[in-house]
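>>> Structure for the following, please:
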Amino acid sequence: MPRTDDDTWDITESVGATALGVAAARAAETESENPLISDPFARAFLDAAGQGIWSVYIPSALPDDVDPEVRAQTQAMVDFMAVRTVFFDEVFLAAAEAGVRQIVILAAGLDARSWRLPWPDGTTVYELDQPKVLDFKAATLRRQGAHPTANLVPVPVDLRQDWPQALQDSGFDPAQPTAWSAEGLLRYLPAWAQDLLFERIQALSADGSWLAANATSGDALEPDRLARQRARMQRLRSVAARLVDTEVPDYEDLWYPEERTDVAAWLGDHGWDASTATLQELLARHGRRVSDDLTPGGLFISARRPLR
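Sure thing, here's the model as predicted:
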């Protein structure tokens, strides 16, 4: 179902279902022979949610007679999520090593970094997302007997609302350096909302703050690329329909294919030291080889606001 300005979702619906897709890819990578990451909680989220379109990202769940191109596509998504996870993990851990003790995960979804990363003593992690998504995550992890490795503060809020006020009402201190993440978020915001997001981050970031984000690349709106992407997703939906008894959402209806501000350039213009890596560069760095045509592509931005 196409997005609306005030839509909401449960974990198995709309944008919530994409969080389960990420969890499925992280589970598949964790359970592989030579994993880049270890996310011991990803499988628990899948077990709690049951089957859905996200199930296609688990290689063992695919039918034996599945089209080899579909199998290659799902493995490409697992590789993509693996290197994306490593990228954000490394930025957070570098920020923590530099002394940052205030972390904000925007659109936290089923991100389990508050439970699995070795946060230094005194670290507070604020997780922002829709209330139903945060409730699902908390309930699932409680059943697992899991405990956060930092002081975890859930902030149930829609990022299209006044989340800066909700964040500060939850104890966030804009005078302290912060490490921010916008992982897998920007394409699900209208272009104007992306701009507003970074304006708000800018207003809340003290000197010494860090930021990590991933964004679409310049060719994301090229018509042929969009057509190939939609065709690939339709093939995945067809396979998913064989695995589940419920309606399979179309992920392509959930994001906004709009011209956007160059994130790294914007940060540079606003006093941040920003660097960019392409997905193919990250894949190569970690010994993965995936055709660019099989991945969502994109750019990975890391930035730091210098101390003055």
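
>>> which intervals of the protein have sub-threshold pLDDT?
1-16, 220, 245-253, 292-297 (pLDDT under 70).

>>> and L189, how many residues sit next to it?
21 (other Cβ atoms under 10 Å). Every residue, glycine included, has its C-beta placed from N, CA and C.

>>> L159 is in contact with that one, correct?
Yes - in this structure, L189 is within contact of L159 by Cβ atoms under 8 Å, at 7.2 Å.

>>> Please enumerate the shared neighbours of these two.
When contacts are counted by Cβ atoms under 8 Å, 6 or more residues apart in numbering, L189 and L159 have L197 as shared neighbours.

>>> So which residues make contact with stretch 216-226?
186-187, 257-260, 278, 296-299.

>>> Mark which of those residues are part of strands, please.
The strands, defined by DSSP state E, take in 278, 299 from the contacts of stretch 216-226.

>>> Can you show me the strands along this protein?
102-106, 124-129, 151-156, 179-182, 210-215, 273-278, 299-304.

>>> So what's the gap between the fourth one and the chain middle?
For strand 179-182, the distance from its own C-alpha centre to the chain's C-alpha centre is 11 Å (Cα atoms, centre = their mean, to the nearest Å).

>>> The first one too?
A distance of 13 Å separates the centroid of the chain from that of strand 102-106, by Cα atoms, centre = their mean.

>>> packing partners for it?
For strand 102-106, the packing partners by 3 or more Cβ pairs under 8 Å, 6 or more residues apart in numbering; DSSP states H and E come out as helix 68-97, strand 124-129, strand 179-182.

>>> other SSEs contacting the shortest one?
Packed against strand 179-182 by the contact rule (3+ Cβ pairs under 8 Å, 6+ apart) you find helix 68-97, strand 102-106, strand 210-215.

>>> For A193, find the nearest of those.
Minimum separation from A193 across the helices and strands packed on strand 179-182 (Cβ to Cβ) falls at strand 102-106, 11.8 Å.

>>> what angle do the closest one and strand 124-129 make?
On the basis of axes from the mean of the first three to the mean of the last three Cα atoms, to 10 degrees, strand 102-106 is oriented at 10 degrees to strand 124-129.

>>> how many degrees apart are strand 102-106 and helix 68-97 in direction?
Computed by the same axes, to 10 degrees, the angle separating strand 102-106 from helix 68-97 equals 160 degrees.

>>> circling back to that earlier point, for the strands of the chain, give me CSV that also has mean neighbour count and distance to R228.
Output for the strands of the chain, formatted as CSV (neighbours: other Cβ atoms under 10 Å; distance: least, Cβ to Cβ, whole Å):
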stretch, mean neighbour count, distance to R228
strand 102-106, 24, 29
strand 124-129, 24, 31
strand 151-156, 18, 37
strand 179-182, 25, 26
strand 210-215, 24, 20
strand 273-278, 15, 18
strand 299-304, 22, 19
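
>>> okay if I get those as CSV plus distance to W115?
As requested, the strands of the chain are exported to CSV (distance: least, Cβ to Cβ, whole Å):
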stretch, distance to W115
strand 102-106, 12
strand 124-129, 10
strand 151-156, 8
strand 179-182, 15
strand 210-215, 19
strand 273-278, 27
strand 299-304, 23
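
>>> nearest residue to A24 other than its sequence neighbours?
For A24, ignoring the flanking residues on the chain, the nearest one in space by Cβ to Cβ, 6 or more residues apart in numbering is Y57 at 3.9 Å.

>>> The one you found is in contact with G21, isn't it?
Yes - using Cβ under 8 Å, Y57 is in contact with G21, at 5.9 Å.

>>> The two: who's more crowded?
A side-by-side neighbour count of Y57 and G21, using other Cβ under 10 Å, places Y57 first with 27 against 22.

>>> so how far is M81 from that one?
Look at Y57 and M81: by Cβ to Cβ, to the nearest Å, they are 8 Å apart.

>>> and what of R230?
From R230 across to M81, the span is 20 Å (Cβ to Cβ).

>>> Between these two, point out the one with more neighbours.
Neighbours per residue (other Cβ under 10 Å) separate R230 from M81, with M81 holding more: 25 against 13.

>>> residues in contact with the closest residue to that one other than its chain neighbours?
Among residues not flanking M81 along the chain, A25 sits closest, at 3.6 Å (Cβ to Cβ, 6+ apart). By Cβ under 8 Å, 6+ apart, the contact set of A25 is 57, 77-78, 80-82.

>>> Nothing else from me, thank you.
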